[in-house]
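> sequence first, then the predicted structure:
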Amino acid sequence: MGATGVIGGEVAAAAAARGARVAVAGRNPVRLARVAARVGAGRGEAFDAYDLESCRALAARAADRTGGALDAVLVASGAVAFGRAGEVPLAVQEHLMTVNASAPVAVLEGALAVVGPGGAIGALTGVIVDRDFPRTAAYRASKAALAAWLDSVRAERRRDRVGVLDARLPHLDTGFAQRSVFGTAPALPPGADLAAWVTAVLDGLLRGDAVLGPEGPDSRPVHLPGGPRAAGRIGGLR
């Protein structure tokens, strides 16, 4: 889920390059078709973040198309807004919670039924979960909600040997902040290395890492291991 974004599309392509059979889902049909062709996924699955039942069914549909259980499902979609508390309209706050928390949770809840032992689920939350940035209260709350869900599910699924990855990426120069649904992005530092973070996300899913976050002045990826699990193929929704 989120294959039509820059990061999601690159993760899908990197997984395909490693030999994974990849299923893709996204909100923009034109870009989705382009990404699906790039990774050899046939047709992608277009989805509406406000149709939570449809979001929950995405992983099962991907499993049907790829011939069985999935090895991994990653959610890479999101929306951002900027404004002090009280400035961001309630409708925009609801949108952030739906796109950044409710829809990803629905997708990953559905994925738990088709990802077996040794597999993994994960989502891109962002360094915003750990760091306070100006005028990001509503955005941060929505991403923190998703991070809290991932943390709880990781504990629930540890005995099942299902990895749960929370990828807290730093700022990357993808244009995401400039596509805010409300407000204007503040001055941002230079973006971290996109290719390094794409590799780190895929490696984190393989290893069953719990949290992936930045470290040092170059914001290099650092993995905090989760429960032990066997390495397997990488597949699923991007």
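It's in.

> so how many other residues sit close to T199?
16 (other C-beta atoms under 10 Å). Where C-beta positions appear, they are placed from N, C-alpha and C, glycine not excepted.

> list the contacts of it.
By C-beta atoms under 8 Å, 6 or more residues apart in numbering, T199 lies in contact with A14.

> list the residues that contact H171.
H171 sits next to 127, 177, 188-189, 191-192, 219 when contact means C-beta under 8 Å, 6+ apart.

> out of those, who's nearest D48?
Nearest to D48, judged by C-beta to C-beta, of the contacts of H171 is A177 at 23.8 Å.

> isn't the closest one up against P189?
No: taking C-beta atoms under 8 Å as the definition, A177 is not a contact partner of P189, at 11.3 Å.

> neighbour count for these two, which is higher?
The residue with more neighbours, out of A177 and P189 and counting by other C-beta under 10 Å, is A177; that gives 17 against 9.

> ok, for that one, nearest residue in space, not its chain neighbours?
Of all residues beyond its chain neighbours, the one nearest A177 is A185 (3.9 Å), with distances taken as C-beta to C-beta, 6 or more residues apart in numbering.

> for the chain, what helix or strand is lowest in average pLDDT?
Lowest mean confidence among the helices and strands of the chain (mean pLDDT, DSSP states H and E): strand 236-237, at a mean of 34.

> report the separation between A111 and A210.
From A111 over to A210 the distance is 17 Å, taken as C-beta to C-beta, to the nearest Å.

> these two: who's more crowded?
The neighbour count for A111 versus A210, taken as other C-beta under 10 Å, is higher for A111 (28 against 20).

> ok, the more buried one to I128 distance?
As judged by C-beta to C-beta, A111 and I128 stand 23 Å apart.

> tell me which residues in stretch 117-125 are buried?
By neighbour count with 16 or more other C-beta atoms under 10 Å, stretch 117-125 contains the buried residues 118-125.

> and G213, helix, strand or coil?
With DSSP: H, G, I helix; E, B strand; the rest coil as the basis, G213 sits in strand.

> could you find the closest non-adjacent residue to it?
R168 (4.3 Å).

> and what of R43?
Nearest in space to R43, with sequence neighbours left out and distances taken as C-beta to C-beta, 6+ apart, is A36 at 6.0 Å.

> cool, and A59?
Spatially, and ignoring its direct neighbours in sequence, A59 is nearest to A111 (3.9 Å; C-beta to C-beta, 6+ apart).

> shouldn't the one you found be in contact with I121?
Yes: if you go by C-beta under 8 Å, A111 and I121 touch, sitting 5.0 Å apart.

> any low-confidence regions in the protein?
Residue ranges of the chain with pLDDT under 70: 1, 225-238.

> which stretches of it form strands?
Listed in chain order, the strands of the chain (DSSP state E) span 22-23, 25-26, 45-46, 70-75, 115-124, 163-167, 209-215, 220-225, 236-237.

> partner strands of the longest one and their direction?
To tie it back to what came earlier, the one meant is strand 115-124. Under the criterion DSSP bridges, strand 115-124 sits next to strand 70-75 (parallel), strand 163-167 (parallel) in its sheet.
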